[in-house]
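> quick one: sequence and predicted model below, then my questions.
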Amino acid sequence: MYNRTAHALGMRTTATMMFGCGETLDHRVNHLEIVRRIQEDTGGFTAFIPWFFQRENTSLGRFVKEEATAVEYLQTLAISRIYLENIDNIQASW
């Protein structure tokens, strides 16, 4: 994973998670688990940024049947704040 290499070199990075493009809840949880483990091992993330897929003007957008809702975004943000307690900054977008 590129983040581990960057962290080993002393670089700090951010972690992001784009969701709402056809993945399952299991996929989202798996992503959060990977981020949490990397942070436990390296301490190199300065922030975690979840954002939902916005299909306008994208070629992938025509394949997405259900978009993430505002409620799903807020739930993901809240879960991230709890589950990624080892990352100081959980960023929210508007």
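Looks like it came in fine.
> quick one: the strands in the chain?
All strands of the chain, identified by DSSP state E, fall at 13-19, 45-52, 89-90.
> any idea which of those is most buried?
Of all those, strand 45-52 has the most neighbours on average by mean count of other Cβ atoms under 10 Å, namely a mean of 18. C-beta coordinates here come from the backbone N, C-alpha and C atoms, glycine included.
> before we move on, back to that, any chance of the strands of the chain in CSV, plus distance to residue 75 and mean pLDDT?
What follows is the strands of the chain, written out as CSV (distance: least, Cβ to Cβ, whole Å; pLDDT from 0 to 100):
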stretch, distance to residue 75, mean pLDDT
strand 13-19, 11, 93
strand 45-52, 10, 94
strand 89-90, 13, 96
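> which one, of those, ends up nearest to residue 70?
Checking those against residue 70 by Cβ to Cβ gives strand 45-52 as the closest, at 8.7 Å.
> picking that back up, want to throw the strands of the chain into CSV with distance to residue 37?
Formatted as CSV, these follow (distance: least, Cβ to Cβ, whole Å):
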stretch, distance to residue 37
strand 13-19, 11
strand 45-52, 11
strand 89-90, 17
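> out of these, which comes closest to residue 33?
Closest among the strands of the chain, using Cβ to Cβ: strand 13-19, at 11.3 Å.
> which parts of the helix or strand bottoming out on mean pLDDT in the chain are buried?
Between all helices and strands in the chain, the lowest mean by mean pLDDT, DSSP states H and E belongs to helix 2-8, at a mean of 91. For helix 2-8, a neighbour-count test (16 or more other Cβ atoms under 10 Å) marks 3, 7 as buried.
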